[in-house]
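K.L.:
I'd like to go over a predicted model; first the sequence, then the structure.
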Amino acid sequence: MMASTRSLLRTKSLISNLPRFSSNYKCLDVSVNNDNNITTVTLKRPPVNSLNLDLLSEISDVLTDLKKSKSPGMILTSSSDKVFTAGLDIMEMHKPDPERFKQFWYALQDVWMKLYGSPFPTAAAINGHAPAGGCLLAMCCEYRVMVQNFNIGLNETQLGIVAPIWFIKTMLNTISIRDTELALTTGRLFKTDEALAVGLIDEMATDKADALKKANAFFERFEMIPPIARAYTKDSLRGSDIEDLKKNREKDIQTTLSLITQPKVQQGLEFYLALLKNKKESAA
Ligand SMILES: CC/C=C\C/C=C\CCC/C=C/CC(=O)SCCNC(=O)CCNC(=O)[C@H](O)C(C)(C)COP(=O)(O)OP(=O)(O)OC[C@H]1O[C@@H](n2cnc3c(N)ncnc32)[C@H](O)[C@@H]1OP(=O)(O)O
């Protein structure tokens, strides 16, 4: 195909599929790049973008909008200069109200299914720490660029909790079985360069601008690939993991609720929260 015809087709499809986003997001900034029509979704829930029910619901909504509008791609990043996301909001798990916890967990499942299984390509520009649920969101994306000198990993065991099987499968889709086992059992947080060495991220960046530039470049790889062929291939690789959760969704919610409300687990969370607070006090 001639380059001029390609660019005309691209422009036409951009005009007809321009995504429309709600301006009502409280915890997200959503913007579309005029050059390539890639949407950047910026997490904006200070201080650490912890994933509570509100933030998860907004991420779920934006993913639905992107799918409907046949977006050519999405970049996930953070408005903070040191935290991508601190993972699940511990306050949603500490002494939870059962009904609220079920909604919260359902929203997390939704985000995982939509992001891990999105038909459009996705990249994470990880411009800060990405522990636990933060690492999960980044691993759901197809490509990860991370700014140097931050941490990423599934550190759940350090909190006395357990990464659910669908978190584990997401890591297995990213790094080797051996590295996943070692990382999960020890709750390892990888520094950016260690994450690169093990394949947990794809590229390092010097700062957020560099991370966004590299993430945008990732989408150029798909310019000549028919979106349907791309989407089917991704589904062949990831679809069965998503089907497994769909089949076991209710059971997963019940099991998680009964584990998280165990007194020992609650004590562990309390201890961890106290450590976070003490860290601040001893730094002051
Ligand atoms: C046996 C069976 C048991 C289990 C049940 C089964 C399944 C459950 C599975 C649950 C899966 C969970 C996945 C998760 O995501 S758990 C969350 C894990 N997150 C973390 O460990 C990160 C904790 N935070 C940090 O390490 C640091 O905050 C961070 C490096 C991200 C940033 O450091 P910084 O110095 O910039 O900020 P802080 O001063 O530490 O924090 C600022 C305030 O934010 C509060 N905070 C931090 N993280 C969280 C969080 N995840 N949730 C809620 N609140 C958080 C922190 O306490 C500070 O608060 P204030 O002191 O300002 O009030």
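P.N.:
On my side now, so go ahead. Computed from a predicted model, the values in this text were never measured in an experiment. Residues are numbered from 1 along each chain as shown.

K.L.:
got the contact list for the closest residue in space to Phe219 that isn't next to it in sequence?
P.N.:
Nearest residue to Phe219, sequence neighbours excluded (CB to CB, 6 or more residues apart in numbering): Gly73, at 4.6 Å. Quick note: C-beta positions are derived from backbone N, CA and C, even for glycine. Contact partners of Gly73, counting by CB atoms under 8 Å, 6 or more residues apart in numbering, are Asn36, Asn37, Ile38, Thr39, Phe120, Pro121, Thr122, Ala123, Phe219, Phe222.

K.L.:
Let's see that with 10 Å instead.
P.N.:
Going by CB atoms under 10 Å, 6 or more residues apart in numbering, Gly73 touches 33, 36-40, 66, 118, 120-123, 142-143, 215-216, 218-219, 222, 227.

K.L.:
Next, the buried residues of the helix or strand hosting Ala197.
P.N.:
For Ala197, the element it lies in under DSSP states H and E is helix 192-198. If you call a residue buried by 16 or more other CB atoms under 10 Å, then helix 192-198 has these buried ones: Thr192, Ala195, Leu196, Val198.

K.L.:
SS state for Leu184?
P.N.:
helix (DSSP: H, G, I helix; E, B strand; the rest coil).

K.L.:
which ones are touching it?
P.N.:
Gly153, Leu154, Asn155, Glu156, Thr157, Val162, Ala163, Phe167, Ile168, Met171, Leu172.

K.L.:
Excluding chain neighbours, give the residue nearest to Thr256 in space.
P.N.:
Per CB to CB, 6+ apart, closest to Thr256 is Trp105, 5.6 Å.

K.L.:
burial measure for the one you found, as a count.
P.N.:
The tally of other residues near Trp105 (other CB atoms under 10 Å) stands at 25.

K.L.:
Could I have the CA atoms of the helix or strand harbouring it written out in CSV?
P.N.:
Under the criterion of DSSP H and E, Trp105 resides in helix 98-116. Extracted in CSV, the C-alpha atoms of helix 98-116 (Å, rounded to 0.1, in the frame of the first residue of the first chain):
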residue,chain,number,x,y,z
PRO,A,98,-18.4,-7.4,53.5
GLU,A,99,-20.8,-5.8,50.9
ARG,A,100,-18.3,-3.0,50.1
PHE,A,101,-15.5,-5.5,49.8
LYS,A,102,-17.4,-7.6,47.4
GLN,A,103,-18.0,-4.6,45.1
PHE,A,104,-14.4,-3.6,45.5
TRP,A,105,-13.1,-7.1,44.5
TYR,A,106,-15.7,-7.3,41.6
ALA,A,107,-14.3,-4.0,40.3
LEU,A,108,-10.8,-5.2,40.5
GLN,A,109,-11.7,-8.4,38.6
ASP,A,110,-13.4,-6.2,36.0
VAL,A,111,-10.4,-4.0,35.5
TRP,A,112,-8.1,-7.1,35.2
MET,A,113,-10.4,-8.8,32.6
LYS,A,114,-10.7,-5.6,30.6
LEU,A,115,-7.1,-4.6,30.7
TYR,A,116,-5.4,-8.0,30.4
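
K.L.:
Keep the contacts of Leu184, but drop any that are not near the ligand.
P.N.:
For the ligand, the contacts drawn from the contacts of Leu184 by CB under 6 Å from any ligand atom are Asn155, Glu156, Val162.

K.L.:
Phe219 and the ligand, how far apart?
P.N.:
28 Å (CB to the nearest ligand atom, to the nearest Å).

K.L.:
again with Arg100
P.N.:
15 Å.

K.L.:
same thing with Asn24?
P.N.:
Using CB to the nearest ligand atom, we find Asn24 at a distance of 24 Å from the ligand.
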